[in-house]
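Colleague: could you look at this predicted model? Sequence included:
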Amino acid sequence: MAQIYLASRSPRRRELLTQLNIQYDLVDGDIDERQLTGESATDYVVRLASEKAQQGWRNSAQDKPVLGADTIVVYQQQLLGKPQSQQDAVQTLTLLSGNKHQVITAIAVCYQQSIETLWVESDVEFADISKDEILAYWQTGEPQDKAGSYAIQGIGGQFVKRIQGSYSAIVGLPLYETKQLVHKVIQQL
Ligand SMILES: Cc1cn([C@H]2C[C@H](O)[C@@H](COP(=O)(O)OP(=O)(O)OP(=O)(O)O)O2)c(=O)[nH]c1=O
């Protein structure tokens, strides 16, 4: 029997949750992901995770907690989302090349009127990457649905020199923190 609902389309999040041995059913948590004017990166990512969990709650049978999550990539206060085009991805990866950026993942667990949230920030340092490498990477199809136009768990892993923080959070769900938060909410039921 499932213990929670997961409000996510992301195959990475499903795999990470399976790693925790948490049984889940899927529910639709689609929301409008636009950033509000003046909203900080952390406020934004926490709000999106919360809205996904709340939307999931509305779409569920409302008999189990709902987990939602969101991941963003930030370079010098600038939010680098999923690429809209090849040009967009080239621009993003050119900014990340040879520099350090942050990946922030927020999770939210919603049950009835209450919601618990947390966020995890990691630093990622990229090697220098050439325009040719960026173009070849775009051709693999991997950057398309990834925040910051790369996947550390895939081919993009070769661009990463160093990380400080949580590897699983960069992929999409911080394993340690997710386990703590889900168990805390389940115990309160
Ligand atoms: C930086 C980075 C991001 N990503 C992914 C994780 C997220 O799936 C995605 C960020 O987009 P999100 O909007 O957080 O998630 P999503 O749209 O894929 O899924 P859902 O909203 O349904 O839960 O980028 C990686 O897979 N690897 C990485 O190294």
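Modeller: Sure, I can see it. Numbering: from 1, shown residues only.
Colleague: residue 83 contacts residue 134, doesn't it?
Modeller: No. Residue 83 lies out of contact with residue 134 (C-beta atoms under 8 Å); the separation is 11.2 Å. Just so you know, the C-beta spots here come from the backbone N, C-alpha and C atoms, and that holds for glycine as well.
Colleague: just the strands in this structure please.
Modeller: 4-6, 24-26, 66-75, 78-80, 100-111, 114-126, 160-164 (DSSP state E).
Colleague: adding mean neighbour count, distance to residue 48 and mean pLDDT, write these out as CSV.
Modeller: Shown next, in CSV, are the strands of the chain (neighbours: other C-beta atoms under 10 Å; distance: least, C-beta to C-beta, whole Å; pLDDT from 0 to 100):
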stretch, mean neighbour count, distance to residue 48, mean pLDDT
strand 4-6, 24, 15, 98
strand 24-26, 17, 18, 98
strand 66-75, 25, 4, 98
strand 78-80, 16, 11, 96
strand 100-111, 24, 7, 98
strand 114-126, 18, 11, 98
strand 160-164, 13, 22, 98
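Colleague: of all those, which lies closest to the ligand?
Modeller: strand 66-75 (3.8 Å; C-beta to the nearest ligand atom).
Colleague: give me the angle between that closest one and strand 100-111.
Modeller: 160 degrees (axes from the mean of the first three to the mean of the last three C-alpha atoms, to 10 degrees).
Colleague: note down every partner strand of strand 66-75 and its orientation.
Modeller: strand 4-6 (parallel), strand 78-80 (antiparallel), strand 100-111 (antiparallel) (DSSP bridges).
Colleague: got the contact list for the second one?
Modeller: Okay, so that is strand 78-80. 35, 41, 44, 72-74, 92, 95-96, 101, 147-149 (C-beta atoms under 8 Å, 6 or more residues apart in numbering).
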